[in-house]
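In: whatever this is, show me its structure:
(2 chains)
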Amino acid sequence: MLVLPAAPLMLGLAACGQAKVATSTRPAETGPSSTAAGPLKSGSYTGQAVDTRYGTVQVSVTVSSGRITAVNFLALPEDRPRSQVISSQATPLLRSEALAAQSAKVNLLSGATYTSEGFAQSLQSALSASG
Amino acid sequence: MGMPVIIEVCDPGVRTGTVDRAYEWFRLVDRIFSTYRPESEISRLNRGELALADADPAVRSVLRRCASLRTQTAGYFDAEACSPGDGVDPSGLVKGWSVAGAARILERDGLRNFSINAGGDVLVRGQAPQGGPWRIGIQHPLVGDAVAAVVAVSDLGVATSGAYERGAHVIDPHRRAPPEHVLSVTVIGRSLPTADAYATAAFAMGAGAAAWCAGLEGYESMVITEDERVVTTAGFDRHRVR
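Out: Okay, here's the model as predicted:
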């Protein structure tokens, strides 16, 4: 049961490379105080899964001191990915850019070099090889 | 040879015994958790030969944390999803968790400036050899010797999940198929095991990865999509130098 927050959530999708278009999608308003004007009780709330024009969205919000402090998306649009802007009070939380290959001096590399199974297997062989 | 664990220490006067203890820890973790060792506690647990109550406390602790992460990630990180009937495989958490344990061993012996890289899971503390924060390249998913980004961090963990090496091992537990639309997910945060689990879960989500990551408290992310876009959280960009 999702209690609609006093500050509206804005979920906007924009095509890559274009100016971000703000489009408002509200999760389903369920529950008796769905448009409550007063402060929200602290806690975590999970909304019903809602079909939106971007796909099925289910949102969980965490409220602390009457304000939304975290937003989690539990079920997500399965559509082709586009740059997504998720705003609370119109501050974009994500940005998108083109992938570029760079060469750079680094101390270490983080990558999917080994999967978990691969890691376990190679750790075992490396450790047994090192005696 | 493929040595998967690299420890670099920058503190002056480090004792070799300290680093040896860290590697001994990795050996211990392997003996307890390796699903490739029939005599490991995890293997015996899965065959019903060992009761959970009789296992090493670390096993219970890791499995509890896996259960909590399964809830947090709506089932996209799931230690029980590999094959029904095969039991648990917490390897996805154990990698980062063992690195965090190794870091504590080094810190206990007074070390403050080091990096640990275990198969792409990175944990750094203090200053890099050149001074200042550690420069960590995020591997480019398509171009072998290139990076997609560089972050400069200290006292954080960096984990990346993707399918571009060694085939697709991450499976979306809900669709029971490899994820689509995403080439890799990198997560940065204070806990490396948590960052690793979040990166794995987000990668398994496919197209929904970036949106889910944006909602994470205290963890920043970079998602590379199959149409070669890079979607980052504002916090991630603050760490970037390239």
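In: which secondary structure state does the closest residue to residue B:33 other than its chain neighbours sit in?
Out: Closest residue in space to residue B:33, ignoring its immediate chain neighbours: residue B:94 at 4.8 Å, by CB to CB, 6 or more residues apart in numbering or on different chains. Every C-beta, even on glycine, is put in place using the N, C-alpha and C of the backbone. Under DSSP: H, G, I helix; E, B strand; the rest coil, residue B:94 falls in the helix class.
In: isn't residue B:94 right up against residue B:31?
Out: No. Using CB atoms under 8 Å as the test, residue B:94 is too far from residue B:31 to be in contact (11.9 Å).
In: quick one: residue B:10 and chain A, what's the gap?
Out: 10 Å (CB to the nearest CB, to the nearest Å).
In: which residues touch that residue?
Out: B:113, B:114, B:126, B:127, B:128, B:129 (CB atoms under 8 Å, 6 or more residues apart in numbering or on different chains).
In: try 6 Å
Out: Neighbouring residues of residue B:10 by CB atoms under 6 Å, 6 or more residues apart in numbering or on different chains: B:113, B:129.
In: direction included, what does the strand or helix carrying residue B:161 pair up with?
Out: Element membership of residue B:161 [criterion: DSSP states H and E] is strand B:156-162. Strand B:156-162 pairs in its sheet with strand B:121-125 (antiparallel), strand B:182-189 (antiparallel), by DSSP bridges.
In: distance between it and the chain's centre?
Out: Relative to its parent chain, strand B:156-162 has a centroid offset of 6 Å by CA atoms, centre = their mean, to the nearest Å.
In: quick one: contacts of that strand?
Out: In contact with strand B:156-162 (CB under 6 Å, 6+ apart) are residues A:110-112, B:120-123, B:136, B:141, B:183-188, B:192, B:195-196, B:199-200, B:203.
In: what about the most centrally placed residue in chain B, distance to residue B:121?
Out: Centroid-nearest residue in chain B, with CA atoms, centre = their mean: residue B:196, separated by 3.3 Å. In this view, residue B:196 and residue B:121 are 6 Å apart by CB to CB, to the nearest Å.
In: ditto for residue B:10
Out: With distances taken as CB to CB, residue B:10 is found 19 Å from residue B:121.
In: circling back to that earlier point, of residue B:94 and residue B:31, which one has the most company?
Out: The neighbour comparison of residue B:94 against residue B:31 (other CB atoms under 10 Å in any protein chain shown) goes to residue B:94, with 29 against 15.
In: distance of the residue nearest to residue B:132 when sequence neighbours are not counted relative to residue B:105?
Out: Once flanking residues are discounted, residue B:132 sits nearest to residue B:152: 7.2 Å by CB to CB, 6+ apart. As judged by CB to CB, residue B:152 and residue B:105 stand 25 Å apart.
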